[in-house]
Each structure stands twice: as structure tokens, then as C-alpha cells.
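# Build the 3D model from these lines:
(2 chains)
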Amino acid sequence: GIQVEQSPPDLILQEGANSTLRCNFSDSVNNLQWFHQNPWGQLINLFYIPSGTKQNGRLSATTVATERYSLLYISSSQTTDSGVYFCAPGGSGGYQKVTFGIGTKLQVIP
Amino acid sequence: DGGITQSPKYLFRKEGQNVTLSCEQNLNHDAMYWYRQDPGQGLRLIYYSQIVNDFQKGDIAEGYSVSREKKESFPLTVTSAQKNPTAFYLCASSILAGTDTQYFGPGTRLTVL
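You can find the predicted model right below:
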């Protein structure tokens, strides 16, 4: 199956700072999702981005499938951005399960 | 409101007992999934279902069973054969399997005493 590596594993930011989270994956993919898990455990889908760039408010994501990585940008961070960010690519060719990385734990301090 | 519900939120079980976790969705999605999350870890796939009356094992299916008799429901049974069942269990759904955004329920925290 696909191997997923996320970096950094932990990140502490001052409120208002920007950050970039990285996701490397080992094989070709036909889909990739970014999720945010809040401190209560709820997972929210941020982006479905198998390739290209998307933006949603202060968040944007870029996937370069040919080079097997994806980036999540958080600008002007807020305390509500705290939590764990997961990258979850899915393989190509028929149904391939989505594989989750172990995440980047982000803490935004006031 | 459309969404995915899981119940109960917290569940305590004595060792050796089977327990069933509920997952219901009203999003009209064909595909549903069960994941397990351990502290500090990512999610691991237990079972998935692409359509009613069909389901497939994921990476860690041993000690678990599922059914998919209705489109909106995908219950998970944690059996006594599961050696280490204490974990956070998350249910998800998507329009189709494998190529669509997954939407998650709030999860069930299972503790085996």
C-alpha cells in the first residue's frame, strides 16, 4: 500500500503566523484529501485535491502528483486552527483504499 | 440536517463481551467506512462498503464484523476476538468509494475494562 509521511510532526505557532504542512506519498494516487481533527476528535474535510491548487479562505493546498507530495498552507493562524492535520491519499486503478498519515499536530497560541 | 451520526459517544465494555457501534447517514451516500484511531496515530481502515449488501475487509478487520442491510446504516460489531479493542472508532461515508470526499461522524470512544 501507499506509504504516507507528514512533516513536521508537531508545530507551535503564535496566533497570526503562517505555516506550511507537507505530505509525501510513495505511489501514484488518484485522490488526496486533507483533514483537520479538532481536540474533540471530529474530522473535517478541508480539501479534496488529487492535483493542482485550491484555496478556501485562509487555507490553501497544492498537490504535485508527479512528484508525490502535497502541501497545506495556513495563513494568519487562529487558535481555532489547533488540532491535528491529516493527509490521506488514495491509490489509482480501481478502488484503492485511502491511507492516512499520522498527522501534524498544530498548536496555535494567543 | 444532513450528516453522519454515531452512537454512543462513549462506550464501556467488559472483556469478553461483544459490542455494536452504530453509524447512520442521511447523505444518500453509497460508500461507508469504519476506521480505528489509537492515541497519536492516524486512522486505520477496518471495513468498507461500496454498496448495500456488500462490504470488504480493510487493513485490520480481525476481531470485527459489519453488515450493510440498508444504504443509510453500517453497524460495526467489536467481538471478543479483538485483542485490543480500546480505541476511538470513526465512521465515514462518501458518494462513491475511493474517488470522493469522505465525511466523518463524531466518533465513539470504546473502553474495555
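
# Which pLDDT value does the model give B:D1?
Listed pLDDT for B:D1 reads 60.

# Let me know whether my guess that B:T101 is in a helix holds.
No: judged by DSSP: H, G, I helix; E, B strand; the rest coil, B:T101 forms no part of a helix; its state is coil.

# who's in contact with the residue nearest to it when sequence neighbours are not counted?
In space, and not counting its chain neighbours, B:T101 is closest to A:Y48: 4.5 Å by Cβ to Cβ, 6 or more residues apart in numbering or on different chains. C-beta: built from backbone N, CA, C; applies to glycine. The contact partners of A:Y48, by Cβ atoms under 8 Å, 6 or more residues apart in numbering or on different chains, come to A:31-33, B:100-101.

# can you pull up the bridge partners for A:Y48?
Beta-bridge partners of A:Y48, counted by DSSP bridges, are A:Q33.

# Confidence-wise, which of the contacts of A:Y48 comes last?
For these, the pLDDT minimum is B:D100, 77.

# For the closest residue in space to that one that isn't next to it in sequence, give the beta-bridge partners.
Once flanking residues are discounted, B:D100 sits nearest to B:S94: 4.1 Å by Cβ to Cβ, 6+ apart. Under DSSP bridges, the beta-bridge partners of B:S94 are B:A31.

# all strands of chain A, in order?
Using DSSP state E, the strands of chain A run over residues A:4-7, A:10-14, A:19-25, A:29-37, A:43-48, A:52-56, A:59-64, A:69-74, A:83-91, A:104-109.

# Just name the most buried of those strands.
strand A:83-91 (a mean of 24; mean count of other Cβ atoms under 10 Å in any protein chain shown).

# and it, how far out from the chain's middle?
In terms of Cα atoms, centre = their mean, to the nearest Å, the centre of strand A:83-91 is set 5 Å apart from its chain centre.

# and it, is it in reach of chain B?
Yes: using Cβ under 8 Å from any Cβ of the partner chain, we find that strand A:83-91 touches chain B at A:86, A:88, A:90.

# which parts of chain B sit against chain A?
Near chain A, when you scan chain B using Cβ under 8 Å from any Cβ, you find B:35, B:37, B:40-45, B:48, B:50, B:58-59, B:88, B:90, B:92, B:97-104, B:106-107, B:109.

# If any of those residues are buried, put those into a ChimeraX selection.
This is the ChimeraX syntax for the buried subset of the residues of chain B next to chain A, where burial follows 16 or more other Cβ atoms under 10 Å in any protein chain shown:
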select /B:35,37,42,43,44,45,48,50,58,88,90,92,97,98,99,100,102,103,104,106,107
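
# In strands only, show me the residues of chain B next to chain A.
Of the residues of chain B next to chain A, the ones assigned to strands by DSSP E are B:35, B:37, B:43-45, B:48, B:50, B:88, B:90, B:92, B:103-104, B:109.

# Would you mind listing the two of the residues you listed that lie farthest apart?
B:Q50 and B:R109 (27.4 Å; Cβ to Cβ).

# Enumerate the residues of chain A near chain B.
A:1, A:4, A:30-31, A:33, A:35, A:40-45, A:48, A:86, A:88, A:90, A:94-98, A:100-103.

# please redo it, this time with the cut-off set to 6 Å
Residues of chain A lying close to chain B (Cβ under 6 Å from any Cβ of the partner chain) are A:31, A:41-43, A:45, A:48, A:90, A:95-97, A:100-103.
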